[in-house]
Structure formats: C-alpha cells, structure tokens
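[1] Just the structure for this:
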Amino acid sequence: MKTRIKLTKLIGASLLCACFSLGTISCGDDDYPAIELIYADNHTQAVGNTLTIAPFTDTQALYIIGGDGSYVISNSNEEVALVIYNGETVQFKPLKTGDTDITITDHSGNSYILRLQVRYESITYTVTSVSAEVEGDKMQVGEQRALKEIIINDIPVQKDGSYTLQYTNDTYTQGSITIRSSASTLQRQGIFYRTEKESAAGFHYYSLNITLTTGENLIYSLVEKEENGTSEIYLTADVTADYKGSYPLLEKAVTYQYLEKTSSIPATE
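    Numbers count the residues shown, from 1 in each chain. Below is the predicted model of the structure:
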C-alpha cells in the first residue's frame, strides 16, 4: 500500500546551510540544498539512504532539511512501517519485518529516497575454543584423560563454529537460531528460549534451551562476565548423565565453549 503525506514546514537558516548528497536528487534550476533527514539530537549526523530499525520500537526523532520546505512523503509499503509527522519531526513506526522506500519530494523537483529496513536483532557467538572438566576420584588418571578427550570431541559446536540468535520478541527471551558446528559445515536451524537466572554465588547468567528442526535438544548456561575491563563469554553444560553409564566411577563432567560475540543491532535509539 502506498501513502502520501503533504507537509509544509519552515526551516531555520542554520539547518538550511546543511547540504547532503546521499540518497538525494536535486533540481539544478533552484538554489535549494538537497533534501535530507538528520537526527534531531545531532544536527550534524545525516541518516544517509538506508536506515535499519528493530520491529519493537519507533525510531528516534528526525528532521527533514533542504528543499523548498514544502514536502510530500510517500511510503511504498505501509504494511512494514508507518510515517509519523508531528509538524516538527518525522518518526517511523515499524509494523513487521521487511523493507519500504520512503520518498520525500518538494514542489521544486528535489527528491530524497530512504530505504527503511525493519529487522530483528541478531547476535552471533563464534566459538574460539572448547574444553571439558572431568571429576572422579576413583577413576584412573589415564581413564579421566581419555574420557575428557571423548567429551571434548562430542561438543556439538567446535572451534570456529557459531551460534546465531535472532530475537523475535520485545523481551529478548526467544527466537530462531542458526548453528554451524564448524566454519565449514552446513547450517542447522531451530528455535531457542532464553531465561535469566542467578547462581548460588550471586552472579547472573542465562539458561539457553535450543530445539533444532532435527528434534535435537541442547541445554546450556550462557555466562557473560565483565571483570577489570575484560569480558569472558562462554557456554557450559553438565554432561555427567551422558557418560555415567559407560563410566560408573565418573562423578561430574562439564563442557565449556568460549565465545566471541558480534551483534547486529538495528538503529532504534
């Protein structure tokens, strides 16, 4: 669905002095600067010709500058987002994920096109190393060492593999997940649920429950620590029950996957 909103606005001389070229078409027969969107809280920062936002919150306020001050706004896909104009600022209200083109024109033939993308936030955790701890006072040292190697090899995501979590609700507790067991393997898809917990020692972590389309279920504790200016992120799982039958003297077995985090966060602030 396409909508058009006619706007007329007086723009102060300080704003008219700014001229931006990204995503604009300016008529050569007038003396008006090109039309542009800038952030209301930072008049020197232009939006550019692409803006990505999350589906849960509106964008921050934006000013229209340039042109002759009499604007017509067209929205190519009103199902993705709505344009909100209060006479001073413009905001976009996301409705669902997708893309829409916002076109701003004036009576002098100047034009500006913004590609608005509504995307879920995603976070990728890349595995940098894996390890395991094996406890069993009555086990022989060689048996513990051999079991530890088996457990490490059984960890479902190895070094250079990754977990990509895409959050699909506004409380960031659930969504879809993509797993690569290593850098060269095919992706596996599924869903996840994330619940905040507190340990007996008083630090917070997340319980991460993953169900893959294959039916496989993975349960981890996701720990993100900040100490002395450095961060440590890892997934840990108690796998004692998986090996107790074959190793009856085993008392405890825990796996660790150490991670680096990369976020893809839409500009919603």
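[2] okay, D170: pLDDT?
    On pLDDT, D170 comes in at 89.
[3] tell me the domain ranges of the chain?
    Here the domain assignment for the chain is 3-118, 122-264, based on automatic domain parsing.
[4] Now do the buried residues in stretch 167-186.
    In terms of neighbour count (16 or more other Cβ atoms under 10 Å), stretch 167-186 has its buried residues at 167-168, 174-175, 177, 179-181. Placement of C-beta: from N, CA and C, glycine included.
[5] Next: stretch 47-56.
    Quick answer for stretch 47-56 (16+ other Cβ under 10 Å): 47, 49, 51-56.
[6] just stretch 250-267 next, same as before
    Buried residues in stretch 250-267 (16+ other Cβ under 10 Å): 250, 253-259, 266.
[7] residue ranges for the strands of the stretch 151-269 of the chain, please.
    For the stretch 151-269 of the chain, the strands defined by DSSP state E, counting those that start in this stretch cover 162-167, 174-180, 187-198, 204-212, 217-227, 230-238, 252-264.
[8] what packs against the first one?
    If you count contacts as 3 or more Cβ pairs under 8 Å, 6 or more residues apart in numbering; DSSP states H and E, strand 162-167 packs onto strand 122-135, strand 174-180.
[9] that older thread, indicate which one of the strands of the stretch 151-269 of the chain is closest to S131.
    strand 252-264 (4.8 Å; Cβ to Cβ).
[10] one step back: as CSV, the helices and strands packed on strand 162-167 with mean pLDDT would be great.
    Output for those, formatted as CSV (pLDDT from 0 to 100):
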stretch, mean pLDDT
strand 122-135, 97
strand 174-180, 97
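[11] if we can go back for a sec, can you lay out the buried residues of stretch 167-186 as TSV showing distance to Y125?
    Shown next, in TSV, are the buried residues of stretch 167-186 (distance: Cβ to Cβ, whole Å):
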residue	distance to Y125
Y167	13
T168	17
Q174	16
G175	14
I177	10
I179	10
R180	11
S181	13
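[12] which of these lies closest to I150?
    Proximity of those to I150 (Cβ to Cβ) peaks at S181, which lies at 16.7 Å.
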